[in-house]
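> here is a sequence together with a model predicted from it:
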Amino acid sequence: MDVQRIRSKAVELGFVTAEEAARLSEAEILDFIFRPGFTTAEQVTEVSGRGVGMDVVQSVLHRLKATVSVETRLGHGTTFRLKLPLTLAIIKALMFWVEQRLYAIPLNAVVEIARTRESEVHQVDNYEVLQLRNQVLPLLRLGRPQAATKDHNSGKLFVLVIAVGKESLA
């Protein structure tokens with residue numbers, strides 16, 4: 001983000017005088033992007049340049065008792081740092097290990113945990129699917145498939161069925 005451009009636009013839009021703008025710190029200048037109606041866009045379209053967006057983000061964060069800060073270096077990028085209260089970060093999750101990796105799935109996404117056999121896994125158009133309780137579910141393996149044994153169909157699997165939107169996934 002160009003801090004000088006934001007400063008100039010703030011003066012042009014009447015948020016501050018040129019003298020006041022000259023005395024403001026970079027952080028204070030960057031705060032203008034959170035003001036209703038503020039925009040640096042040259043053209044206004046139906047979806048951008050109307051000065052609506054960042055002010056809405058900030059008002060939602062304030063309602064959640066959260067904050068947002070901005071760090072920018074012209075030509076290098078901008079970082080928006082959101083600080084949320086710990087109460088928003090606490091969610092119930094199912095945690096499990098697969099091949100020395102710890103996974104956490106939000107508990108409200110878990111439909112069921114089941115045990116099945118490799119014989120219930122089938123290939124459909126180069127994808128694995130699982131037949132479970134008269135339902136065919138896409139299967140996503142988190143670990144490597146077990147090495148082929150003499151009786152491939154005897155392998156037992158633990159399966160986590162999760163809801164992703166209106167779809168289910170094993």
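Alright, I've got the coordinates.
> when you work out contacts or count neighbours from here on, use the C-alpha atoms and nothing else.
OK.
> tell me the helix or strand right after the lowest-mean-pLDDT helix or strand in the chain.
Sorting the helices and strands of the chain by mean pLDDT, DSSP states H and E puts helix 86-89 at the bottom, at a mean of 77. Beyond helix 86-89 on the C-terminal side, the first helix or strand identified by DSSP states H and E is strand 93-98.
> note down every partner strand of that next one and its orientation.
Paired strands of strand 93-98, with direction, are strand 101-106 (antiparallel) (DSSP bridges).
> what's next to the strand it pairs with, contact-wise?
Outside strand 101-106, the residues that touch it by Cα atoms under 8 Å, 6 or more residues apart in numbering are 91-97.
> next SSE after that strand?
strand 110-117.
> which neighbouring elements make contact with that next one?
With contacts defined as 3 or more Cα pairs under 8 Å, 6 or more residues apart in numbering; DSSP states H and E, strand 110-117 has these neighbours: strand 156-164.
> list the contacts of the strand it packs on.
109-118, 168-170.
> how about it as PDB, C-alpha atoms only?
C-alpha atoms of strand 156-164 as PDB (Å, rounded to 0.1, in the frame of the first residue of the first chain):
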ATOM      1  CA  LYS A 156      -9.200 -53.100   8.500                       C
ATOM      2  CA  LEU A 157      -9.600 -49.300   8.400                       C
ATOM      3  CA  PHE A 158     -10.600 -46.700  10.800                       C
ATOM      4  CA  VAL A 159     -12.800 -44.200   8.900                       C
ATOM      5  CA  LEU A 160     -13.800 -40.700  10.000                       C
ATOM      6  CA  VAL A 161     -16.800 -39.400   8.100                       C
ATOM      7  CA  ILE A 162     -17.100 -35.600   8.000                       C
ATOM      8  CA  ALA A 163     -19.600 -33.200   6.600                       C
ATOM      9  CA  VAL A 164     -18.200 -30.600   4.200                       C
END
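> please consider this matter closed, and thank you.
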